[in-house]
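1. Next come a sequence and a model predicted from it.
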Amino acid sequence: MKFLASSIIILLLSVTVANAQSNVGSQDYKTAIGVKFYPGALSVKHFVSDKNALEGLGYFYNYGARITGLYEIHGDIKNAAGLKWYIGPGAHVGFYNSKYGGATSVGIDGVLGLDYKFKEAPINLSLDWQPSFEFGNKYNNGFNGNWGGLGIRYVL
């Protein structure tokens, strides 16, 4: 299972790096790096086309870690320059350790949110909800609607 989890992480990072090197269209920004709050994550978001982005999240907290990859479809909001809505699917792998024992799990994710790029500053904000469904963890199997939050990123 550790080999599978390591392979998934390497694959997600490879896709992110490969896409970061491609030429993208005319959206407000191409790549942004920062943090997301809840529970606390490192975030990298990169547009692979005008309306499609990949976001990689590395959550680290007192009970373990979770690596998440999301594919986000963006749309403009009329009369709101710099503000976009987004929605999309994703997947994650988690490594947990609590008073009940340790576990590794995988799951599917969804995301629904808003993304704002300041016109005069290299700052990007996002606010989203990221529901997920976990498999393979006897303590946390099933639906979880507690993920998501406020993202603050520096635009490269």
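-> Happy to help now that I have it. Numbers count the residues shown, from 1 in each chain.

2. And the helix or strand that contains residue 89, what's buried?
-> Counting by DSSP states H and E, the element that carries residue 89 is strand 83-98. When burial is assessed from 16 or more other C-beta atoms under 10 Å, strand 83-98 yields the following buried residues: 84, 85, 86, 88, 90, 91, 92, 93, 94, 95, 96. Using the backbone N, CA and C atoms, a C-beta is placed for each residue, glycine as well.

3. Among the residues you listed, pick out the one closest to residue 52, please.
-> The shortest separation between residue 52 and any of the buried residues of strand 83-98 is 8.4 Å, and it belongs to residue 88 (by C-beta to C-beta).

4. For that closest one, list each beta-bridge partner.
-> residue 111 (DSSP bridges).

5. you'd agree it is up against residue 70?
-> Yes. Between residue 88 and residue 70 there is a contact at 5.8 Å, judged by C-beta atoms under 8 Å.

6. which residues do the two both contact?
-> Common neighbours of residue 88 and residue 70 (criterion: C-beta atoms under 8 Å, 6 or more residues apart in numbering): residue 111.

7. Residue 63 versus residue 99, what's the distance?
-> Residue 99 sits at a distance of 9 Å from residue 63 (criterion: C-beta to C-beta, to the nearest Å).
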